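J.: Provided below are the primary sequence and the corresponding predicted coordinates.
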Amino acid sequence: MEDRPNSTPSTLVRRTAFPDSVSRAVVTPLQPSVVYASPSPDALDAQYEGTAKGYTYAREGHPNAEVLASKIDMLEGAEGGLIVGSGMAAVAAVLMGLLKAGDHVVGGDQLYGRSLRMLTQDLPRFGINATFADPTDAEAMAAAIRPETRLILVEVVSNPTLRVADMEGIAALARDRGVLLMVDNTFTTPIGYKPFDHGADLVIHSVTKLLAGHSDVTLGYAAARNPEHRRAIYDFATTAGMTPSPYDCWMAERGLYTFPLRFGRAEANARALADHLAQLPGVETVIYPGRRDHPDHARARSLLGGRDGNMLSFVIGGGRAEANRMIEAVPQLAFAPTLGDVGTTVSHPASSSHRALTPGAREALGMTEGFFRVSVGIEEIDLLKADFSQALGAL
Ligand SMILES: *Cc1c(COP(=O)(O)O)cnc(C)c1O
């Protein structure tokens, strides 16, 4: 067939621009494009040089990640935070972006399981070693510091025993010894604690948890006070391919809008549920930083400003049989080893997050077969009280 001379050939393949509109979309557009077309080699040059703002290739950055990062930056009082594909990618991006062979890390002894694994199994293969100490005791942390210590990694509230770290003591230690302080702020969230206001150099989040809040995206966030650190973290994350999906970023942004509302409601529920559990027969201990009987209650008050959070733990008597019976009695409660969902989830560290520890090591941490952790959601509190009464009633 001959080309008709006076009409432009058309093809399905060439993308059409969005139709013009004098009104604008209220919702952030979802931009899945991996590649971006530049107007000219000069313009592309300017983008790479950083003199003109523009996207090139999604692994290097994309608008949905940037929108999400700027919102979490706002919560954390940070600048230039980076979104990566998971909370663990954020941990890895910071540690591998900043440390080198011969460096040493001091970690809290109850870090998230995979963070512990990275420090004990993976980084040593690259010549980076770690020592662990109790973060509720700044002197114990100080004793673990060596001349080659470059970084301290802590979580403010430990999982699942909910002990509160001596953040003031640890920040002073990091400052005095010239060591970087990295805080995994997933559990506490910036509503409870803003690490950058208290001397932290690096903050990471599992956005998967409370920030996104609906258990339908896996994402992480990493921020640094020092722009050179930011650059190093960005370069490593981009080279290692820790890119987040635009769709996940878009979903997380949507979730984040209600984060303060969800957090407030879940916290109020956690307070009420902790007190309810404490008077149920069969419950031996309730662990909640907002309760006066919590070992770190005073520190939680001063550090977290009364924001006690949505996480609580409790202990029942007996062994695995009783644990099974309690969980089986409430199929309507999600028995799942995660946290931060809009709905309440219950986890059992002995069979999940802490299964790699010996029973003796778990026992030493107070984590018996009867130990449960609850991530309290935003349901009606009467429903939650009834669910837990039913669970304990089965024993
Ligand atoms: C879940 C979690 C992580 C890891 O986050 P992912 O998004 O699952 O990779 C790290 N730290 C803490 C405290 C967590 O709870």
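T.: Yep, it's here.

J.: Look through this protein and state the residue closest to the ligand.
T.: Closest to the ligand within the chain is Gly87: 2.1 Å, counting by Cβ to the nearest ligand atom. Glycine gets a C-beta too; all of them are placed from N, C-alpha and C.

J.: Would you check how far apart that residue and His354 are?
T.: According to Cβ to Cβ, to the nearest Å, Gly87 and His354 sit 18 Å apart.

J.: Those two: who's more crowded?
T.: More neighbours surround Gly87 than the other of Gly87 and His354, with 24 against 21 (other Cβ atoms under 10 Å).

J.: That one and Gly220 touch, don't they?
T.: Yes - Gly87 lies in contact with Gly220 (Cβ atoms under 8 Å); the separation is 4.2 Å.

J.: Need the residues touching each of these two.
T.: Common neighbours of Gly87 and Gly220, using Cβ atoms under 8 Å, 6 or more residues apart in numbering, are Ile204, His205, Ser206, Val207, Thr208.

J.: where exactly do the helices run in this protein?
T.: Secondary structure of the chain by DSSP state H: the helices cover 41-49, 63-76, 87-98, 113-117, 138-144, 167-177, 189-192, 227-240, 246-257, 259-278, 297-304, 320-328, 359-364, 381-393.

J.: Out of those helices, indicate the one that is most buried.
T.: Across those, the average number of neighbours (mean count of other Cβ atoms under 10 Å) peaks for helix 87-98, which reaches a mean of 25.

J.: returning to what we had before: spit out the contact partners of the residue of the chain closest to the ligand.
T.: Tyr112, Asp184, Thr186, Ile204, His205, Ser206, Val207, Thr208, Lys209, Thr218, Leu219, Gly220 are the contacts of Gly87 under Cβ under 8 Å, 6+ apart.

J.: go on, Phe187?
T.: Counting by Cβ under 8 Å, 6+ apart, Phe187 has contacts Glu155, Val156, Val157, Asn159, Lys209, Gly309, Met311, Leu339.

J.: ok, which of the residues you listed also contact the ligand?
T.: Glu155, Asn159, Lys209 (Cβ under 6 Å from any ligand atom).

J.: what's around the closest residue to the first one other than its chain neighbours, how many residues?
T.: Excluding its sequence neighbours, the residue lying closest to Glu155 (Cβ to Cβ, 6 or more residues apart in numbering) is Asp184, at 4.6 Å. Counted with other Cβ under 10 Å, residues neighbouring Asp184 total 25.

J.: Which positions in the protein make contact with the ligand?
T.: Listed as neighbours of the ligand in the chain under the rule Cβ under 6 Å from any ligand atom: 86-88, 112, 155, 159, 184, 186-187, 206, 208-209, 218, 220.
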